[in-house]
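[1] Take this sequence and fold it.
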Amino acid sequence: MALPEPGEGPRRRTTTTLEDGDANEPMHELIGLPPQAHLDPDAASELSVHSTQTNHDLVRNTPGTGTTGFPRARKTQVKRALKGYHVFFISVSGTLGIGLYVRSANMLRIGGPGAVLVPFALLGILAWMVMQCISEMLLIWPISGALRLFVEKFVDRELGTAVAVAYWFTYAMSFAALIAATAGEASFWTTVSSHPSVQATVFFLLCSATLFVFNLFDVRNYGLVEVVGGSLKLLFVAVVVSAMIAINVGAGECDYLGFKAYYENEFFSFDPEQASSWGQAFFMALQIAAFAFIGIEIPAVLAVEADIAHRPRQQNKASAGLLGRLMSRLHVGSKAPANAELKFSAVYLPFLMGVIYVVAGFLVTLNVEANDASLPRNHWTRDDHSCDLSSTEKFQTMCGRVTCTTSNSGFVISAHNAQIPGLPSAITVFLIVTALSSANTTLYVASRTLYDLGRSVTPPAEPGWRKWSAKCINVFGRVSGRQVPHYAVLASMIFIVIPFLSLLKSQSIPKLLYILAEMAAECCIIVWACECLAFLRFWKFIHTEESKFEIRNGSSEGPMRFLKRKDESYPYKSSAQPLLAAVALFLCLVILFGAGSASLWNGGTEGHVPTEAVAGFLAPVLFFLLWLFLKFLAYGTRFDDWFPYSNFIDSIKALNDERDNHLNVE
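    Prediction:
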């Protein structure tokens with residue numbers, strides 16, 4: 001993204017950022033050669049060799065290129081080595097995390113079983129709807145920086161940049177929040193809770209450092225770490241669900257519970273200390289549940305390092321059995337831009353995660369009553385639990401009289417109430433491993449988002465603060481010898497300082513962490529909304545413009561290839577469009593402004609309104625201000641240029657160039 005001076009007017013882009021052709025982009029600008037992506041692959045190869053030999057002296061002293069002619073490629077190009085199973089398990093690891101195990105307990109306390117099941121089901125449906133929109137575009141253009149580019153090309157350039165910044169904040173902040181949540185769950189053991197230095201050393205320092213090292217691994221080795229982490233998560237879910245079923249039918253000190261929690265308490269109950277009605281409790285729970293579904297769009301981020309080019313031998317392997325039938329349902333053709341594995345993760349992952357969240361949430365509401373004294377309250381009430389954690393006094397549960405537990409997880413509370421020896425500790429270990437695995441993934445996603453931002457900014461020719469700031473941002477687009485964006489990884493850990501501040505025992509630090517964590521969830525919903533808007537614009541284009549251009553189905557010729565929805569060459573047809581995208585956009589806005597304002601409905605609870613209001617509205621307000629700032633930075637006070645005419649054909653060609661270059665890289 002170029003940074004023109006204020007009042008200079010919109011600049012027309014002459015080239016598009018090319019994934020592996022990035023090294024040749026300065027040469028195009030210097031000697032006027034066409035981008036390689038517009039050429040036949042063989043011709044492009046010949047041009048690259050010829051240009052390297054004949055223009056070496058010209059490029060040698062160009063700023064940013066160094067002395068070898070094309071070092072920028074080695075400095076900015078990541079390795080594309082993630083396979084389909086890597087994409088799946090990284091996506092699982094990023095989505096299935098602490099939101100299920102901990103936040104479900106907050107939701108149960110606020111609004112009873114209904115405030116767990118309905119928000120989880122609604123968010124699951126919304127996540128599926130959003131990914132239907134993203135998947136249809138992603139499987140046409142499986143490119144690096146897809147979430148940014150879709151908004152940039154189909155809606156607004158500066159809005160695309162704002163989306164990338166918001167998305168980076170979502171995952172950078174989530175990393176710190178997950179580390180803090182890990183330490184919080186470890187306080188289940190007295191040794192940890194009574195020694196803050198243990199929390200600081202083991203979780204805040206050692207765990208963060210270990211995850212930093214993991215993210216510096218070669219991407220293939222990092223992918224193996226994520227395969228192990230994702231597999232363990234799915235195994236833990238199976239074990240925890242089995243344990244909840246066993247407790248419900250009478251394991252431990254419990255008699256058969258069945259639906260006793262629903263019979264003895266209202267399904268749509270609410271905590272009067274936190275909400276004045278179930279409607280308010282529902283919207284508050286909806287805001288809490290949003291954090292749980294962060295990560296469903298990760299397949300779109302993984303294109304930067306994924307080996308996603310379609311190869312015939314992969315198609316042959318998928319031609320038989322259950323996998324073959326699934327691939328057939330996904331409209332996998334021999335000439336599709338991306339392979340079947342990426343399609344599987346992008347299309348089926350939201351459904352899988354939605355089912356897991358609803359089923360696990362349903363089981364915990366059967367085993368733990370909404371008025372259980374161990375259930376955590378939100379930070380803005382007078383304490384975290386109703387019971388005195390330091391007291392040995394027992395209180396009544398469906399399984400008998402038990403003491404209070406320090407855990408914030410409904411699953412640990414259920415095991416604690418059942419008084420099954422060792423089970424609460426085992427589930428706590430599962431939660432800690434799950435949270436750390438999620439933190440590992442969030443750091444990866446944040447760093448790759450920042451890496452894409454670093455590569456997208458082009459310093460202006462004129463000297464000044466704009467050029468200096470653009471070059472500073474370019475630093476995040478550099479990679480190490482292992483082709484890992486190490487500067488972006490380090491910068492994405494910036495919020496880890498906040499959990500350390502919690503050791504000061506200040507009441508304001510937990511509130512700050514809560515506000516920032518909720519802002520992260522809100523920013524993710526903003527990104528979802530922008531992607532739905534981008535899809536609606538894309539839909540309008542292909543239905544109003546395709547008849548004007550020649551279509552060569554499955555051919556490498558013509559800008560409209562793979563864009564005729566009625567043809568078999570179309571990679572993936574999402575359901576019920578464009579109504580689905582419009583409904584998803586509406587629901588995103590409801591969550592942003594309806595759930596965000598829910599805390600203001602209650603005038604009887606003291607002390608929580610300012611914090612809740614800030615958490616609910618700060619993210620949308622800052623996002624809007626960021627967009628305005630980027631507009632002013634680009635166009636100054638020439639307001640007529642703030643919304644330039646969108647040439648969709650040029651946008652399609654630019655995305656095609658990105659895709660063709662990306663898929664030709666081995």
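
[2] Only C-alpha atoms from now on, for both contacts and neighbour counts.
    OK.

[3] Which SSE is immediately downstream of the strand or helix carrying residue 500?
    Using DSSP states H and E, the element containing residue 500 is helix 497-501. For helix 497-501, the succeeding helix or strand toward the C-terminus, using DSSP H and E, is helix 508-544.

[4] helices or strands up against that following helix?
    helix 114-138, helix 146-154, helix 157-186, helix 278-292, helix 497-501, helix 579-589, helix 609-635 (3 or more C-alpha pairs under 8 Å, 6 or more residues apart in numbering; DSSP states H and E).

[5] still on that earlier bit, does anything pack onto the helix holding residue 500? Which helices or strands?
    helix 157-186, helix 508-544.

[6] if you set the cut-off to 6 Å instead, what comes out?
    If contacts are counted by 3 or more C-alpha pairs under 6 Å, 6 or more residues apart in numbering; DSSP states H and E, helix 497-501 sits against no helix or strand.

[7] got the CA positions of that helix in PDB?
    This file holds the C-alpha atoms of helix 497-501, laid out as PDB (Å, rounded to 0.1, in the frame of the first residue of the first chain):
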ATOM      1  CA  VAL A 497       3.300  -7.600  29.400                       C
ATOM      2  CA  ILE A 498      -0.400  -7.300  30.700                       C
ATOM      3  CA  PRO A 499      -0.500 -10.800  32.400                       C
ATOM      4  CA  PHE A 500       2.800  -9.800  34.200                       C
ATOM      5  CA  LEU A 501       1.100  -6.700  35.400                       C
END
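
[8] Now find how far off-centre that helix is within its chain.
    Relative to the chain's own centre, helix 497-501 is displaced by 23 Å; criterion: C-alpha atoms, centre = their mean, to the nearest Å.

[9] re the thing from before, export the helices and strands packed on helix 508-544 to CSV and append columns for mean pLDDT and distance to residue 436.
    What follows is these, written out as CSV (pLDDT from 0 to 100; distance: least, C-alpha to C-alpha, whole Å):
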stretch, mean pLDDT, distance to residue 436
helix 114-138, 93, 22
helix 146-154, 94, 25
helix 157-186, 91, 7
helix 278-292, 87, 15
helix 497-501, 83, 14
helix 579-589, 95, 28
helix 609-635, 83, 24
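
[10] got JSON lines for these, with distance to residue 541 too?
    Output for these, formatted as JSON lines (distance: least, C-alpha to C-alpha, whole Å):
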{"stretch": "helix 114-138", "distance to residue 541": "13"}
{"stretch": "helix 146-154", "distance to residue 541": "9"}
{"stretch": "helix 157-186", "distance to residue 541": "17"}
{"stretch": "helix 278-292", "distance to residue 541": "31"}
{"stretch": "helix 497-501", "distance to residue 541": "45"}
{"stretch": "helix 579-589", "distance to residue 541": "15"}
{"stretch": "helix 609-635", "distance to residue 541": "24"}
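
[11] Any idea which of those helices gets closest to residue 262?
    Closest to residue 262 of these is helix 114-138 (C-alpha to C-alpha; 10.1 Å).

[12] I'd like the distance from the closest one to the chain centre, please.
    Centre to centre, stretch against its chain (C-alpha atoms, centre = their mean), the figure for helix 114-138 is 13 Å.

[13] Same check on stretch 564-581?
    Relative to the centre of its chain, stretch 564-581 is centred 24 Å away, using C-alpha atoms, centre = their mean.

[14] Can you give me the end-to-end span of it?
    19 Å (C-alpha to C-alpha, to the nearest Å).

[15] just to revisit the earlier point, which one, of the helices and strands packed on helix 508-544, ends up nearest to residue 517?
    Minimum separation from residue 517 across these (C-alpha to C-alpha) falls at helix 157-186, 6.2 Å.

[16] Give me the domain ranges for this structure.
    Listed domain ranges for the chain are 21-75, 77-664 (source: automatic domain parsing).
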